[in-house]
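1. Kindly generate the corresponding structure for this input.
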Amino acid sequence: MKENDLKSSVSYLREEFRRAAPHGDDRKGGGGGDNSGGNGGGSALEQRVAALEKVSQEIREKLVRVETKLESLEKTTASKTDIADLKTAIAEGFTSQTKWFISTAIALAVIAFTAAKFIHA
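-> Numbering: from 1, shown residues only. The predicted structure follows:
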């Protein structure tokens with residue numbers, strides 16, 4: 001999973017929460033109730049709490065899935081030290097290959113000049 005996929009998953013979870021959770025602006029009267037001490041709106045409050053509990057459980061389940069994916073992503077993603085080791089190995093391989101190429105070219109040149117010397121003489 002790429003980082004962009006993870007960000008889109010988190011964005012999806014946020015949007016899902018916003019859609020499912022009751023918002024503060026859905027309340028009538030705009031604020032903290034009428035303070036009359038009565039039971040007005042108690043059932044609405046219970047419904048809202050039940051909806052929030054349901055949504056929070058869904059969010060927990062989704063969070064567990066995201067954390068699981070993140071753990072597997074951390075296991076398979078190369079770290080900075082892995083990349084540095086790879087760069088070092090590539091540089092060493094390139095240096096070794098260059099040395100072998102130059103050594104072989106010099107050896108072939110020596111053989112060619114030696115053969116030409118014996119053939120021409």
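2. which stretches of this structure form helices?
-> 3-20, 42-76, 80-120 (DSSP state H).
3. Domain ranges for the chain, per the record?
-> Following the assignment in automatic domain parsing, the chain carries domains at 1-77, 79-121.
4. Please convert the helices of the chain to a markdown table, extending it with mean neighbour count and mean pLDDT.
-> Just so you know, the C-beta spots here come from the backbone N, C-alpha and C atoms, and that holds for glycine as well. Listed next are those as a markdown table, based on neighbours: other Cβ atoms under 10 Å; pLDDT from 0 to 100:
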| stretch | mean neighbour count | mean pLDDT |
| --- | --- | --- |
| helix 3-20 | 12 | 74 |
| helix 42-76 | 12 | 88 |
| helix 80-120 | 10 | 94 |
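5. how about I90, what does it touch?
-> Applying Cβ atoms under 8 Å, 6 or more residues apart in numbering to I90 gives no contacts.
6. where does it sit relative to W100, distance-wise?
-> I90 sits 16 Å away from W100, going by Cβ to Cβ, to the nearest Å.
7. Next: K75.
-> Separation of K75 from W100 (Cβ to Cβ) stands at 37 Å.
8. now swap in R18 and tell me
-> 63 Å.
9. what do you get for V64?
-> 53 Å.
10. And S72, by the same measure?
-> 41 Å.
11. now swap in A107 and tell me
-> On the measure of Cβ to Cβ, A107 and W100 end up 10 Å apart.
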